[in-house]
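J.: the amino acid sequence is not available; the structure is as follows:
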């Protein structure tokens, strides 16, 4: 079974394997399909219409499925690869290890905030953006420019203490754990990290920046931590509810998996440590 590790503890070989698998998937044409899918759901998920990937209870199982599909695509290239996670409560600066030239490369530079270091720099020829919001074909980052601070351990602990999982109106106005973790209310966890990275991560096409996967593995790990801390709580809603995915509804675009099948992550992978 796959073990998802903290990026800060990856060996040099594990970093190479992950990067090479991502670059190969991009070259083969499979990577951009994930960018397109994510953007489609960002654009269609609204508070007062059908919503699946965002602003809704299925934010967490939808992204768990999305990560699993991406991980399977990488493992078709190299079976040894597992997705790493970025613990942004610990690795909080532009000098943290994940921004090194051996993993994700560094911050954007110049007037265009172009990433010029590491394997995803445009100059390598390996990372042209083809699904993009503007004419710039290169990866853009603005680390810390649009919001100065990443969430803290205290921020996370405050959100992990919240119950229930979700509540009506099941959108960005909801009380509950999911909406506080997603970041539309409260201390702002998930959304704030997207804004802190900036550039591609501030758009619906955020998977254009491979840090997307490391960030969402951390979000997934926090969902697992919440489940461990609140074994008497579960996914809501459990019965059919207009415009949102209930416990046993299958999720688009796959239409073969319901949240109920994804509640136990250990059926698919484990984390190297609990939060």
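T.: Great, that's in hand. As the structure is a prediction and not an experimental result, all values here were calculated from the model.
J.: just the endpoints, please. Distance across stretch 120-130?
T.: Its start and end residues considered, stretch 120-130 measures 14 Å (Cα to Cα, to the nearest Å).
J.: actually stretch 121-134, sorry about that
T.: 17 Å.
J.: so what's the gap between it and the chain middle?
T.: Stretch 121-134 has its C-alpha centroid displaced from the chain centroid by 20 Å (Cα atoms, centre = their mean, to the nearest Å).
J.: give the buried residues for that stretch.
T.: 121-122, 127, 129, 131-132 (16 or more other Cβ atoms under 10 Å). All C-beta atoms are positioned from the backbone trio N, CA, C, and that covers glycine.
J.: again, but for stretch 101-109
T.: Within stretch 101-109, the residues that count as buried by 16+ other Cβ under 10 Å are 103-108.
J.: check stretch 197-214 too.
T.: 197-214.
J.: now what about that stretch, what contacts it?
T.: 7, 22, 31, 34-35, 38-39, 42-43, 67, 70, 83-86, 98, 104, 108, 113, 115, 120, 129, 131-133, 139-143, 145-146, 193-195, 215 (Cβ atoms under 8 Å, 6 or more residues apart in numbering).
J.: next: stretch 151-171.
T.: Contacts of stretch 151-171 (Cβ under 8 Å, 6+ apart): 47-48, 51, 55-57, 88-90, 174-181, 186-189, 192-193, 222, 225-226, 229-230, 233-237, 241, 243-244, 275.
J.: buried ones in it?
T.: Using 16+ other Cβ under 10 Å as the test for burial, stretch 151-171 gives 151, 155-156, 159-160, 162, 165-167, 170-171.
J.: what's the offset of that stretch from the middle of its chain?
T.: The answer for stretch 151-171 is 17 Å, by Cα atoms, centre = their mean.
J.: now do stretch 149-169
T.: With Cα atoms, centre = their mean, you get 16 Å for stretch 149-169.
J.: again with stretch 7-23
T.: 18 Å.
J.: okay, buried residues for it please.
T.: Neighbour count says stretch 7-23 has 7, 10, 14-15, 17-19, 21-23 buried, by 16+ other Cβ under 10 Å.
J.: need those residues in CSV with distance to residue 270 and secondary structure, can you?
T.: Listed next are the buried residues of stretch 7-23 as CSV, based on distance: Cβ to Cβ, whole Å; DSSP: H, G, I helix; E, B strand; the rest coil:
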residue, distance to residue 270, secondary structure
7, 16, helix
10, 16, coil
14, 16, helix
15, 20, helix
17, 19, helix
18, 17, helix
19, 23, helix
21, 20, helix
22, 22, helix
23, 26, helix
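J.: between those, which is nearest residue 252?
T.: residue 22 (25.1 Å; Cβ to Cβ).
J.: nearest residue to the closest one other than its sequence neighbours?
T.: residue 210 (5.6 Å; Cβ to Cβ, 6 or more residues apart in numbering).
J.: roughly how far apart are that neighbour and residue 7?
T.: 11 Å (Cβ to Cβ, to the nearest Å).
J.: joint contacts of those two?
T.: If you check residue 210 and residue 7 against Cβ under 8 Å, 6+ apart, no residue is contacted by both.
J.: spell out the secondary structure type for residue 8.
T.: helix (DSSP: H, G, I helix; E, B strand; the rest coil).
J.: just the buried ones from the contacts of stretch 197-214?
T.: Neighbour-count burial (16+ other Cβ under 10 Å) is assigned, among the contacts of stretch 197-214, to 7, 22, 31, 34-35, 38-39, 67, 70, 83-86, 98, 104, 108, 113, 115, 120, 129, 131-132, 139-143, 193-195, 215.
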